[in-house]
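Trainee: Pasted the sequence and its predicted model underneath.
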Amino acid sequence: MTAQWHFNQPKPGDKNREPVLGEFFATEAISNAAEALIREGTQNTLDAALPDRATRIRIYISGQKAALAPDTIKPYLGGAWPHITAEGNGLHDRPKADENCSFLLFEDFGSSGLTGDVTQWHDEAGIKNPFYYFFRAEGQSGKGEQDRGRWGVGKTVFPRSSRISAYFGLTVRDDDGKQLLMGQSVLKSHAIGPNYFSPDGYFGLRREDGLTLPSEDSSLIEEFCRDFRLTRSDQSGLSIVVPFADPEINERALVTGVCRDYFYPILSASLEVEVESPDGKVVINHQTIRSVAAGVADQLSGDFLEILELAEWATEQPPQRIMNIAQPPSDRALTWSSDLFSTEQITALRASLQAGERMALRVPLVIRERHKEPRNSFFDVFLVRRGDSESGRPIFIREGIIISDVRSPRSRGILSLVVVEDDPLATLLGDSENPAHTQWQRDSSNYKGKYVYGPSYIQFVVRSVSEIVQILAEGEDKTDPSLLLDLFSLPAQQPVPTREPEQKEVPTGDEIEKPNIPPHAAPRFRVQKVKGGFSVTRGAQTATMPPFLDIRVAYDIRRGNPLRKYDPADFALEALTEKSKGVVITGKSGNQMRVTVQQPDFEVAVSGFDEQRDLFVKVAVVEGFNDSQA
C-alpha cells in the first residue's frame, strides 16, 4: 500500500466547520508569518525537550534556488491535486502542477518526538498522546504545568505558512525509536464534482474505517529525507516540511524572529537555532546571538542590543546574588507597597539605580488555586537605568517565550526584564494567555474563576517594574524626574550623566556602603497620577520656579510616539475638568496646554480622561511661547 493524501467526506448530521484557528496568529503583536512560525514552532520544541538536554532547531528554507522539480514533488502530492485545485477551498495563491516547489524545513533535536498510540482518534482522559494532539486534535492540548502551550492551536502556523495549506511531519520517537511519516492539509470545505469534502486531509495509509495512519516505509522515509534535505538520522525529535512555502518567509525574517522572541533561552544555553538556505547558514547560540542580532538591528528595537546585555547578565546570576524582597500578604488581592522592602534594601537599590548599576530582585508570592493547597512561587525582575532608553516597557518572559503584548506602564529610562520560570506562577500566567501567547488576559476561558484573587496576580506582575521604581523614587528631593512612572514621561531639564553599568552585586547584608553618586539636577516640577487624570506640581524645594510649562497629553500606545497618534476624537483638554492654583492657563486646545507659573507652590490638575486607558504626559519647561508653537 502506498502513502497518499486522503480527505474525508462528512456524514449527514455532521457539523459543517471552516478552520479559523490560524487567524489567532494574525495579530498586531506578531509582525509576520515568519515570526508566528518561529514563536509557535520553537515553543512546541521546548515543551517536548528531553530532561537536562539542550535543544537544537534547524530551519532550512529552499527558496527557488533549491526548489524541487515537479517530478520530484509529485509522489508526495498523490491524491491531493483535485483538492488543491477545487473551487472554494480557501487557497488564494495555489501553485500550478508544473511549478517548482519551494519548501521550508523545521526540525528539532533533543526532543522526545511524537510519542503515543498512532491509532488513537479521540481524546482519552489521563492519556498523554503527543502524536494524537499534533495530527488529529484541534483546540485540544495535552500540555500541562511544565509546558508553554495551552490552546492546542500552535501547530496551525505550519499549514498557514504553505500555499497549499499543508505540511509533512517525520518523527523519530524517543520511547520506541520508530520513524513515522504523516502529512496534514487544512483547507475549507469543498466539492469535487458531486462529492463534498470536509477541510482536513491526511497523507499516509488509510484503514478500512477511514482512519489515516502514518507510514513506516523505510525507503519512502529515506527518499523523503534526501529530497527535503533533512539531517535527521536516528536522533529523536520532529522534522516538519512545509511545501510551497509562503515566499514572505525568508532567511532574514526567520533570524529576526529567533533573536526577538527566544533570546533568553538562547543566552541560557538551553536552545540553539540554525537558519540555513542554499546561500549559507546562520548559527544562533549564546556565543553568537549578539553579532547575529547586530546584523538585523534595523528590524529590532533600538535598545535591543542593550537588552541582550542585561539578559546575558541575568542568566548568569545565581540565587544568592538576587535580592529577595518580602512576600505580599496572601489573604487578599496582591498589591505593591514599600513595606515589601527593608530600609536597607531601598537605600541600596536606590543607589544602584541612580549609579546605573544592574539590579536583580526576586519577588516571592503564594499561588492560591481554588480547591487546591496554596503553593509558594516567585518571579525575578532585572533592571538597569538607561537614560536614552525610549520604550521603557518591561520585557516579560514566561518559561523562555516573550509575551510580547503585555499592557504595562512605561518606566522611561529603564531597561528591564520580568522573568517567570517557577512552575506555579508560570502555570497561572500560562492559563491566562491568549492563543498566540502575546497577552495575559484576566477573562481568558482557561483562567477566569480558577484562582483566588486571580486578576490581582496578573496586575501585580505586569506593574512590577513601574511599582519598584516608583517606590525607589519616593521621598527623594533629588530624584531624577525620569524615574516617575504611571506612564508620565518627564524630560529632564538638564542632561543627566550616565555611567556604564558595573558587574556589581547589590548588597543584601547589614553593612551597606552608599557609593559617591554625582548629584542630579533638582526637578522643577513633578507629574503625578490622580483619579481620572494627572497633576503637575512644584518640584524640589531647592529648584528654580519654572516660568512657563508646555503640557502635552495623549493616550498611550504600544508602539511609536503617542503624541503623534493623538486623535481629537479621544479627548479635548478644553472639555475636561481643570483645577489650578498659582498659575494662569494661557492656552488650551486639543491635547496641549500652555501654563504661566506665578507662584512657587503651583498646581495644575486635569481629570475626566478614560480611566480604562493609560495616559502619556509630556511636560517641558520653556522660557516663553510664540505663535508658531503647536
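Mentor: Received the coordinates, thanks. All values derive from a computational prediction rather than experimental measurement.
Trainee: List the buried residues for stretch 555-568?
Mentor: Buried residues in stretch 555-568, defined by neighbour count with 16 or more other CB atoms under 10 Å: 555-556, 562-563, 566. The C-beta positions use only the backbone N, C-alpha and C, and glycine is treated the same way.
Trainee: Extract the C-alpha set from it and format it as CSV.
Mentor: The C-alpha trace of stretch 555-568 is given here as CSV (Å, rounded to 0.1, in the frame of the first residue of the first chain):
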residue,chain,number,x,y,z
TYR,A,555,-3.5,58.1,25.3
ASP,A,556,-0.5,55.7,25.4
ILE,A,557,0.1,53.2,22.6
ARG,A,558,2.1,50.0,22.3
ARG,A,559,4.5,51.3,19.6
GLY,A,560,5.6,54.7,18.4
ASN,A,561,5.2,58.2,19.8
PRO,A,562,1.7,58.6,21.5
LEU,A,563,1.6,62.4,20.9
ARG,A,564,1.9,61.9,17.1
LYS,A,565,-1.0,59.4,17.2
TYR,A,566,-3.3,61.8,19.2
ASP,A,567,-6.8,61.8,17.7
PRO,A,568,-9.2,64.7,18.6
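Trainee: Tell me the gap between it and the middle of its chain.
Mentor: Computed by CA atoms, centre = their mean, to the nearest Å, the chain-centroid distance of stretch 555-568 equals 21 Å.
Trainee: of the buried residues of stretch 555-568, closest to residue 126?
Mentor: residue 556 (46.2 Å; CB to CB).
Trainee: Ramachandran angles for that closest one?
Mentor: phi -70, psi 150 (degrees, to the nearest 10).
Trainee: what residue ranges in the stretch 401-550 of the chain score low on pLDDT?
Mentor: 475-522 (pLDDT under 70).
Trainee: What strands flank the longest strand seen in the chain, and is each parallel or antiparallel?
Mentor: Ranked by residue count and defined by DSSP state E, the top strand of the chain is strand 375-385. Strand 375-385 has its sheet partners listed here by DSSP bridges as strand 359-367 (antiparallel), strand 414-420 (antiparallel).
Trainee: circling back: and the buried residues of stretch 555-568, which of them are in strands?
Mentor: Those of these mapping onto strands are residue 555, per DSSP E.
Trainee: Now flag whichever of the buried residues of stretch 555-568 is closest to residue 215.
Mentor: residue 556 (53.7 Å).
Trainee: from memory the closest one sits against residue 617, does it?
Mentor: No - between residue 556 and residue 617 there is no contact under CB atoms under 8 Å: 9.6 Å.
Trainee: Could you report the distance from the closest residue to residue 3 other than its chain neighbours to residue 179?
Mentor: Nearest residue to residue 3, sequence neighbours excluded (CB to CB, 6 or more residues apart in numbering): residue 215, at 4.2 Å. Separation of residue 215 from residue 179 (CB to CB, to the nearest Å): 9 Å.
Trainee: hey, what's in contact with both of those two?
Mentor: residue 221 (CB atoms under 8 Å, 6 or more residues apart in numbering).
Trainee: which residues does residue 536 bridge with?
Mentor: Taking DSSP bridges as the rule, residue 536 bridges to residue 527, residue 604.
Trainee: who's in contact with it?
Mentor: Each residue near residue 536 by CB under 8 Å, 6+ apart is listed here: 525-527, 549, 551, 595, 603-605, 619.
Trainee: which of those sit farthest apart?
Mentor: Maximum distance among those (CB to CB): 14.2 Å, for 526 and 595.
Trainee: Of those two, give the one with the bigger neighbour count.
Mentor: Using other CB atoms under 10 Å as the criterion, residue 526 and residue 595 rank with residue 595 on top: 26 against 18.
Trainee: one step back: could you check how far the residue nearest to residue 3 is from residue 552?
Mentor: As judged by CB to CB, residue 215 and residue 552 stand 65 Å apart.
Trainee: Among the two, which residue is more densely surrounded?
Mentor: It is residue 215, of residue 215 and residue 552, that has more neighbours when counted by other CB under 10 Å, with 22 against 19.
Trainee: Backbone dihedrals for that one, please?
Mentor: phi -90, psi 140.
Trainee: please renumber so the chain begins at 429
Mentor: Okay, residue one is now 429; in that scheme the one you just asked about reads as residue 643.
Trainee: got a list of what it touches?
Mentor: Residues near residue 643 by CB under 8 Å, 6+ apart: 431, 608-610, 632-633, 649.
Trainee: now for these, which pair is the farthest apart?
Mentor: Checking the contacts of residue 643 with CB to CB, the most distant pair is 633 and 649, at 13.1 Å.
Trainee: how far does the host helix or strand of residue 471 sit from the chain's center?
Mentor: Using DSSP states H and E, residue 471 maps to helix 461-475. Centre-to-centre, helix 461-475 and its host chain are 11 Å apart (CA atoms, centre = their mean).
Trainee: Kindly report the same for stretch 1023-1039.
Mentor: Relative to its chain's centre, stretch 1023-1039 lies at 37 Å (CA atoms, centre = their mean).
Trainee: next one: stretch 533-547
Mentor: The chain centroid and the centroid of stretch 533-547 are separated by 25 Å under CA atoms, centre = their mean.
Trainee: Repeat that for stretch 713-726.
Mentor: That offset, for stretch 713-726, works out to 19 Å (CA atoms, centre = their mean).
Trainee: What score does the closest residue to residue 962 other than its chain neighbours have for pLDDT?
Mentor: In space, and not counting its chain neighbours, residue 962 is closest to residue 1045: 5.2 Å by CB to CB, 6+ apart. With respect to pLDDT, residue 1045 scores 88.
Trainee: Same question for residue 688.
Mentor: Looking at residue 688, its pLDDT stands at 93.
Trainee: helix/strand/coil for it?
Mentor: Secondary structure for residue 688, judged by DSSP: H, G, I helix; E, B strand; the rest coil, is helix.
Trainee: Count the residues that sit near it.
Mentor: 21.
Trainee: How about the contacts made by it?
Mentor: 463, 728, 732, 830.
Trainee: Residue 1019 and residue 820, how far apart?
Mentor: Here residue 1019 is placed at a distance of 20 Å from residue 820 (CB to CB).
Trainee: wait, isn't residue 482 in contact with residue 700?
Mentor: Yes - contact criterion CB under 8 Å: residue 482 and residue 700 qualify, at 6.7 Å.
Trainee: which of those two has more neighbours?
Mentor: Set residue 482 next to residue 700 and count neighbours by other CB under 10 Å: residue 700 wins out with 21 against 16.
Trainee: looking at the sheet around that one, what are its partners?
Mentor: Beta-bridge partners of residue 700, as defined by DSSP bridges: residue 484.
Trainee: all strands in the stretch 529-678 of the chain, in order from the N-terminus.
Mentor: 531-537, 594-600, 607-614, 618-620, 623-625, 628-634, 640-641, 665-671 (DSSP state E, counting those that start in this stretch).
Trainee: Turn those strands into CSV, columns for distance to residue 779 and mean pLDDT.
Mentor: Listed next are the strands of the stretch 529-678 of the chain as CSV, based on distance: least, CB to CB, whole Å; pLDDT from 0 to 100:
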stretch, distance to residue 779, mean pLDDT
strand 531-537, 45, 96
strand 594-600, 54, 96
strand 607-614, 57, 95
strand 618-620, 68, 94
strand 623-625, 69, 93
strand 628-634, 61, 95
strand 640-641, 66, 96
strand 665-671, 49, 96
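Trainee: Dump these to CSV, plus distance to residue 443.
Mentor: Formatted as CSV, those follow (distance: least, CB to CB, whole Å):
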stretch, distance to residue 443
strand 531-537, 32
strand 594-600, 23
strand 607-614, 16
strand 618-620, 16
strand 623-625, 14
strand 628-634, 13
strand 640-641, 21
strand 665-671, 29
